[in-house]
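Q: task: produce atomic coordinates for the following.
(2 chains)
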Amino acid sequence: GAVVSQHPSRVICKSGTSVKIECRSLDFQATTMFWYRQFPKQSLMLMATSNEGSKATYEQGVEKDKFLINHASLTLSTLTVTSAHPEDSSFYICSAPQGGVAFGYTFGSGTRLTVV
Amino acid sequence: KQEVTQIPAALSVPEGENLVLNCSFTDSAIYNLQWFRQDPGKGLTSLLLIQSSQREQTSGRLNASLDKSSGRSTLYIAASQPGDSATYLCAGTNAGNMLTFGGGTRLMVKP
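A: Coordinates of the predicted model:
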């Protein structure tokens, strides 16, 4: 089935630095990628939607200058957390439709970001 | 705006018990409804996908139903096992390919 590979799985960074998270669709073309954030024991919160060849769409309250999203190709989308602070520590997950909404969504394995 | 609610938020059952997880949604104009499993610190694994035209889907010990008119979906797990312990999330897809998640049900199956 469709697979989305997400890296890194865990990252610890110092406050003020930037971190890049990559999501690659391995056996299908992902024209759209959704980025979520999840706090402990809570459900997923949609942050933004990236589309290949156009600017990302951010949800209300999400700082687009802090969470930079790039959809460089039909198989790669990246999320960069710029000037990270401890409050950015969270679990970030990407997701893409499996070749069309009718086929549901496949998710990456998630990235645990810890900012110290 | 679609809102998805899952009840109960947490559930603890003895091994071997059959159980039902509930999911309700406010906007019946969904394209499909998907059930996921999430283990601690991991991503989401898709369990079942029900199209809006379907009533149910089955995979092994899992059966998911969909009733658009009442805005409800259920996930039935037969003969539960300790390995079924995880958080179960339901999510509906609406216009714009938006996936809206419920809060999840944390399931613990005790040996």
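Q: and the helix or strand bottoming out on mean pLDDT in chain B with chain A, contact?
A: In chain B, no helix or strand scores lower on mean pLDDT, DSSP states H and E than strand B:98-101, which sits at a mean of 87. Yes. Counting by C-beta under 8 Å from any C-beta of the partner chain, chain A has neighbours in strand B:98-101: B:98, B:99, B:101. Just so you know, the C-beta spots here come from the backbone N, C-alpha and C atoms, and that holds for glycine as well.
Q: pull up the pairing partners for that strand, direction included.
A: strand B:86-94 (antiparallel) (DSSP bridges).
Q: how about the CA coordinates for the strand it pairs with, as PDB?
A: Listed next in PDB are the C-alpha coordinates belonging to strand B:86-94 (Å, rounded to 0.1, in the frame of the first residue of the first chain):
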ATOM      1  CA  ALA B  86      -3.700   1.600  21.700                       C
ATOM      2  CA  THR B  87      -5.500   4.800  21.000                       C
ATOM      3  CA  TYR B  88      -8.200   4.600  18.300                       C
ATOM      4  CA  LEU B  89      -9.000   7.600  16.200                       C
ATOM      5  CA  CYS B  90     -11.900   8.200  13.800                       C
ATOM      6  CA  ALA B  91     -11.700  10.900  11.100                       C
ATOM      7  CA  GLY B  92     -14.100  12.100   8.500                       C
ATOM      8  CA  THR B  93     -13.200  13.500   5.100                       C
ATOM      9  CA  ASN B  94     -15.300  16.500   3.900                       C
END
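Q: okay then, goodbye and thanks.
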